[in-house]
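Asks: Fold the following.
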Amino acid sequence: MELWDAYNSNFEKIEGITLIREKEDEIPEGLYHIVVHILVKHTDGTYLLMKRDPNKPAWPGFWEATAGGSVLQGESALEGSLRELREETGIVAESLKELDRSLGKTSIHYRYLCVTDCAKDSIKLQEGETCDYRWVSACELLDMQESELLGGQMKKYINKVCL
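Replies: Below you'll find the model as predicted:
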């Protein structure tokens, strides 16, 4: 069972309330959990794409321009981002740059940029989450069609950080 801290619409943690992933569709109105998205840019100017596992219930086989997921109970958005980045890619980052945050229906979305000089062939896939990866130029990423790239909304952040 995955547990989450509860937050209000001002991004403030609400003490004494725990949200449960398996009951996400029962989250009361006005309560949120944190979801993080990390855009990975190599120092050579390319971006990391991760392909979602074909057995994932949502968006199987789509490419994502971000690593990420839900922040666990007791973690900050930054701590959860560093953990998700490490789990999904093998990249160990010391810091991330926050790009923005926004409210969804039941979640607060934090978007970060990770700039890394890791060996490009050192990316580790997370079983059940990802099945492939590739590095692409900013132009290639911006040219990808919505039919192949999940999270097309990330294009505005890609434009912001790479152009």
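Asks: Which residues lie in contact with the residue nearest to Ala77 when sequence neighbours are not counted in this structure?
Replies: For Ala77, ignoring the flanking residues on the chain, the nearest one in space by C-beta to C-beta, 6 or more residues apart in numbering is Tyr110 at 4.4 Å. For glycine as for every other residue, the C-beta is placed from the backbone atoms N, C-alpha and C. Tyr110 makes contact with Ile34, Val35, Val36, His37, Ala77, Ser81, Glu98, Asp100, Arg101, according to C-beta atoms under 8 Å, 6 or more residues apart in numbering.
Asks: Need the phi and psi values for Tyr110.
Replies: With angles defined as degrees, to the nearest 10, Tyr110 sits at phi -100, psi 130.
Asks: measure it to Trp59 for me?
Replies: Between Tyr110 and Trp59 the computed distance is 20 Å (C-beta to C-beta, to the nearest Å).
Asks: Strands - which of the contacts of Tyr110 land there?
Replies: When DSSP state E is applied, these are split such that Ile34, Val35, Val36, His37, Glu98, Asp100, Arg101 fall in strands.
Asks: I figured the second one hits Leu103, correct?
Replies: Right, Val35. No: between Val35 and Leu103 there is no contact under C-beta atoms under 8 Å: 10.8 Å.
Asks: which of those two has more neighbours?
Replies: A count of neighbours by other C-beta atoms under 10 Å puts Val35 above the other of Val35 and Leu103, at 20 against 13.
Asks: show me the contacts for the residue lying closest to the more buried one once chain neighbours are set aside.
Replies: Computed as C-beta to C-beta, 6+ apart, the closest residue to Val35 that is not its neighbour in sequence is Ser107, at 4.5 Å. By C-beta under 8 Å, 6+ apart, the contact set of Ser107 is Tyr32, His33, Ile34, Val35, Ser70.
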